[in-house]
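In: Just the structure for this:
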Amino acid sequence: MYEEMVDLPLDQLLKIGYANLHDNQQKLVALCKTIDPNKTPQQIAEGFEKDHPAPGQLLQDFRNTFSGLIEFINEHKIITIPSTVRPILEESPPFMRSLTTASMDTPGPYEKVATEAYFNVTLPEKNWPAQRVEEFMTAFNRGTIASTAIHEAYPGHFVQLLWFQKVTSKVRKLIGCGSNIEGWAHYTEQMMIDQGYGSNDPALKVGQLLDALLRNCRYIVGIEMHTGKRTYEQGIDFFVKQGYMSHDYAERETKRGTSDPTYLVYTLGKLEILKLRADYQAKMGADFSLEQFHNEFMQQGGVPIKLIRHTMLGNDSPTL
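Out: Numbers count the residues shown, from 1 in each chain. Got it, this is the predicted structure:
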């Protein structure tokens, strides 16, 4: 975690990860009781996961989220969006499909020609049997589509790219710290729901919590597989039982973890940003503005959050 400027020992990092996993599970349980007290969270999650578009409609469903997200961000003063340019939404390239369901491919910080940003979405293969296609599409239920569009585009990765293009410091322009970039995108999923996006639609709330549990499981499985505490098969089982995921989805996520021991940066960065926001709000008091906080955070570029804390708070207090 050197490049993240996180110096906590692994056992402490795991303790934080498990605590957040259990917190999100409790929130999901409480939410599920309001939806149907006679069903388990697993059963309710399975029900929502079946509410997905046909594969051929998936890309358009993602495009359809953009206008509503932009309107909500502007009306509720979430963050300033520096440009009206939108990302290009397309199917993920073949070499990316085995390990990712969605991603944002952005131009380099000094690119002047190929300046397009691509929002990639992985579709099921045309030769798959129907059951595998159905399991695969559970990753794109209605709530998760909204959560993913927030994460990848508005106000997640794409809006962050637009801000990074305005950064003048060469160092801040070139550094891309995972807990900052992925942490920001994951933070926005919860923040947008907390601010009222979706008008308390239970599908969106369940989708956001399932996405949070996915990142919790990545956090724990990534560390434990690479420290010999968990096998590949146990990793799959953890995603299924603790993250309420289909076996196909869990296997793809665990496979990714074999090559990425630090895909904990989503949850880690989100927790760091939430603490920074709370500390910044305490500092600003009645003058606190969510839009101002987000704009100031964006102005710092992609450096570790520890450095951003120093700039915004004027001290080196703990990030977690």
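In: which regions of the stretch 201-320 of the chain sit below the pLDDT cut-off?
Out: Nowhere does the stretch 201-320 of the chain drop to pLDDT under 70.
In: Okay, helices next: where are they in the stretch 201-320 of the chain?
Out: 202-226, 232-243, 247-259, 265-284, 290-298, 305-313 (DSSP state H, counting those that start in this stretch).
In: most neighbours per residue, which of those helices?
Out: helix 202-226 (a mean of 24; mean count of other C-beta atoms under 10 Å). C-beta coordinates here come from the backbone N, C-alpha and C atoms, glycine included.
In: elements contacting it?
Out: helix 10-35, helix 41-49, helix 142-152, helix 178-194, helix 232-243, helix 247-259, helix 265-284 (3 or more C-beta pairs under 8 Å, 6 or more residues apart in numbering; DSSP states H and E).
In: between the fifth one and helix 247-259, how big is the angle?
Out: What separates the directions of helix 232-243 and helix 247-259 is an angle of 120 degrees, with axes from the mean of the first three to the mean of the last three C-alpha atoms, to 10 degrees.
In: export the helices of the stretch 201-320 of the chain to TSV and tack on distance to residue 10?
Out: Output for the helices of the stretch 201-320 of the chain, formatted as TSV (distance: least, C-beta to C-beta, whole Å):
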stretch	distance to residue 10
helix 202-226	6
helix 232-243	17
helix 247-259	15
helix 265-284	12
helix 290-298	27
helix 305-313	18
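In: I figured residue 161 was touching residue 106, is that so?
Out: Yes. Residue 161 lies in contact with residue 106 (C-beta atoms under 8 Å); the separation is 4.5 Å.
In: what is in contact with these two at once?
Out: Taking C-beta atoms under 8 Å, 6 or more residues apart in numbering as the contact criterion, the common neighbours of residue 161 and residue 106 are residue 117.
In: Between the two, tell me which one has more neighbours.
Out: residue 106 (22 against 19; other C-beta atoms under 10 Å).
In: my read: that one touches residue 162, true?
Out: No. Counting by C-beta under 8 Å, residue 162 is not a contact partner of residue 106; they are 9.5 Å apart.
In: nearest to residue 185, of the helices of the stretch 201-320 of the chain?
Out: helix 265-284 (7.7 Å; C-beta to C-beta).
In: centre of the chain versus that closest one, how much separation?
Out: Its chain's average C-alpha position is 15 Å from that of helix 265-284, according to C-alpha atoms, centre = their mean, to the nearest Å.
In: and residue 38, which of the helices of the stretch 201-320 of the chain is closest to it?
Out: So among the helices of the stretch 201-320 of the chain, helix 202-226 is nearest, using C-beta to C-beta, at 15.5 Å.
In: and the helices and strands packed on helix 202-226 as CSV, adding distance to residue 87?
Out: Listed next are the helices and strands packed on helix 202-226 as CSV, based on distance: least, C-beta to C-beta, whole Å:
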stretch, distance to residue 87
helix 10-35, 28
helix 41-49, 26
helix 142-152, 8
helix 178-194, 13
helix 232-243, 27
helix 247-259, 23
helix 265-284, 20
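In: closest one to residue 88 among the ones you listed?
Out: helix 142-152 (12.0 Å).
In: packing partners for that closest one?
Out: Short answer (3+ C-beta pairs under 8 Å, 6+ apart): helix 142-152 packs on helix 58-63, helix 65-75, strand 102-105, helix 178-194, helix 202-226.
In: Just send the ones you listed back as a markdown table, with distance to residue 85 too.
Out: Output for the helices and strands packed on helix 142-152, formatted as a markdown table (distance: least, C-beta to C-beta, whole Å):
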| stretch | distance to residue 85 |
| --- | --- |
| helix 58-63 | 14 |
| helix 65-75 | 11 |
| strand 102-105 | 14 |
| helix 178-194 | 18 |
| helix 202-226 | 26 |
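In: Which among the ones you listed is found nearest to residue 310?
Out: helix 178-194 (13.6 Å).
In: Determine the angle, from 0 to 180 degrees, between that closest one and helix 202-226.
Out: 160 degrees.
In: list the buried ones in helix 178-194?
Out: 178-193 (16 or more other C-beta atoms under 10 Å).
In: same check, this time on stretch 89-100
Out: Under 16+ other C-beta under 10 Å, the buried positions of stretch 89-100 are 89, 92, 97, 99.
In: next one: that stretch to chain centre, how far?
Out: Counting by C-alpha atoms, centre = their mean, stretch 89-100 comes out at 17 Å from the chain centroid.
In: Now do the SS call for the residue of the chain positioned farthest from its centre.
Out: Here the chain reaches farthest from its C-alpha mean at residue 38, the gap being 30.3 Å by C-alpha atoms, centre = their mean. When classified by DSSP: H, G, I helix; E, B strand; the rest coil, residue 38 comes out as coil.
In: Per-residue pLDDT of it, please?
Out: Looking at residue 38, its pLDDT reads 93.
In: Quick one, grab the pLDDT at the spatially most central residue of the chain.
Out: In the chain, the residue lying closest to the centroid (C-alpha atoms, centre = their mean) is residue 186, at 2.9 Å. At residue 186, the pLDDT value in this model is 98.
In: Fine, thanks again, bye for now.
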